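Visitor: using only what follows, build the 3D model:
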Amino acid sequence: MSTGQKIPCSPKLQIDGVVYFPRMCDKIRLFAAGELHADYHANLGKAMDLWTCQFLSVDYEALKAQVLAGLTDEQALQWCYENGAKPADCVRDWWLSYMRNCGYRDGLSEKLVMRKNDAGLGERDDIQSFFDFIDAEEGR
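Guide: Just a heads-up that it's a prediction; the model follows:
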């Protein structure tokens, strides 16, 4: 990756049981600062960003505005709870499991295999989910 361009934090980080949320906030801030590696630009607000916003019943652009206004990750999540939804614990636990295991024996398994192969990680049996793939591709 180019000097001055950064990768966001791990998707495995969580706040209040909501995985991926810190990564999404990190990507928002890095992009606004002109520091987010270009490989991430096309998916801003899409894929896992979108799924996380749908889970919290908030609009990505509205959340982005709050993050860029200076809210911490914790404050931004609280804003989501107040302006969208705070899912019940059982629903949050489902979300945690789904996101952690996305790509493992599900409808995205073939895409995970393709992405692993494209990244030269096809022989890595320890990469079982997209979270594993993201961390491996980013050197974690």
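
Visitor: show me where pLDDT drops low in the chain?
Guide: Across the chain, the ranges flagged by pLDDT under 70 are 1-4.

Visitor: show me the domain layout of it.
Guide: Structurally, the chain divides into domains by automatic domain parsing as follows: 1-86, 102-140.

Visitor: chain center to the shortest one, what's the gap?
Guide: Pointing back at domain 102-140 there. 15 Å (C-alpha atoms, centre = their mean, to the nearest Å).

Visitor: need the distance between the two termini of it.
Guide: Using C-alpha to C-alpha, to the nearest Å, the end-to-end distance of domain 102-140 comes out at 18 Å.

Visitor: check stretch 114-123 too.
Guide: Terminal residues of stretch 114-123 are spaced 12 Å apart (C-alpha to C-alpha).

Visitor: contacting residues around that stretch?
Guide: Stretch 114-123 has contacts (C-beta atoms under 8 Å, 6 or more residues apart in numbering) with 113, 124, 127, 130, 133, 136, 137. Every residue, glycine included, has its C-beta placed from N, CA and C.
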